[in-house]
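Participant: build me a model:
(2 chains)
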Amino acid sequence: DAGVTQSPTHLIKTRGQHVTLRCSPISGHKSVSWYQQVLGQGPQFIFQYYEKEERGRGNFPDRFSARQFPNYSSELNVNALLLGDSALYLCASSLTGLDTQYFGPGTRLTVL
Amino acid sequence: AQSVTQPDIHITVSEGASLELRCNYSYGATPYLFWYVQSPGQGLQLLLKYFSGDTLVQGIKGFEAEFKRSQSSFNLRKPSVHWSDAAEYFCAVGARTGGSYIPTFGRGTSLIVHP
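Facilitator: Below you'll find the model as predicted:
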């Protein structure tokens, strides 16, 4: 079975631009979570979705938004990019959002 | 709010030697505890987890961890390290917040394995 997949693998943007990152969960998983991992740090929680509803939100500005689609895939959107948004963005899926999360390989975002 | 401390930023061991990575957590209730491993440029792979029951947990790749409530610790161990174990290791504590479960990660411990 395929694991969590994310696209694109790498992305380079300039300050002020907008970016959309995509995630497909493991088949049968209905919850998707997003994390930001800055170099040298552990992942930091951004959002969790379950059955297309937002279940949790971390301490990130309103420039960050997400949504989950009927097929349980998800998009993370970041507006007005800042240099500090450069990071590895990880997506994780789980059956219900209350059980073990399985991570994708991530999208490396570089903001110049 | 929950938190995780991994006091060692780097650990260096020789191949074949034993390994212990430390993790201390802060959380008011019974925690869900996890260890993940991350190879360079990769996502996180779950090594093992503790939800309840036996406090000694067996994981993949020969790893184990012991939950000690009195010490608020969940240290990861392996009796004999292989060169392929070189990676970043993250401890996480999960807390149920309303209808969701949110893990908080430590900053990680980088494992270096000498031949």
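Participant: doesn't residue A:19 make contact with residue A:13?
Facilitator: Yes: when contacts are counted by Cβ atoms under 8 Å, residue A:13 is listed as touching residue A:19 (5.4 Å). Glycine gets a C-beta too; all of them are placed from N, C-alpha and C.
Participant: now residue B:27: closest residue in space that isn't a chain neighbour?
Facilitator: residue B:2 (4.1 Å; Cβ to Cβ, 6 or more residues apart in numbering or on different chains).
Participant: ok, and the closest non-adjacent residue to the most centrally placed residue in chain A?
Facilitator: Centre of chain A computed as the mean C-alpha position; nearest residue by Cα atoms, centre = their mean is residue A:34, 3.3 Å away. Closest residue in space to residue A:34, ignoring its immediate chain neighbours: residue A:46 at 4.3 Å, by Cβ to Cβ, 6+ apart.
Participant: please point out which parts of stretch B:87-101 sit buried.
Facilitator: B:87-95, B:100-101 (16 or more other Cβ atoms under 10 Å in any protein chain shown).
Participant: follow-up on the earlier one: isn't the residue nearest to residue B:27 up against residue B:30?
Facilitator: No: here residue B:2 does not reach residue B:30: they are 11.6 Å apart, not a contact under Cβ under 8 Å.
Participant: of those two, who's got more company?
Facilitator: Neighbour tally, residue B:2 and residue B:30, criterion other Cβ atoms under 10 Å in any protein chain shown: the higher count belongs to residue B:2, 18 against 11.
Participant: where's residue A:34 relative to chain B, distance?
Facilitator: According to Cβ to the nearest Cβ, to the nearest Å, residue A:34 stands 12 Å off from chain B.
Participant: from the chain's centre, how far out does whichever strand or helix holds that residue sit?
Facilitator: Counting by DSSP states H and E, the element that carries residue A:34 is strand A:31-37. Average the C-alpha atoms of strand A:31-37, do the same for its chain, and the two points are 4 Å apart (Cα atoms, centre = their mean, to the nearest Å).
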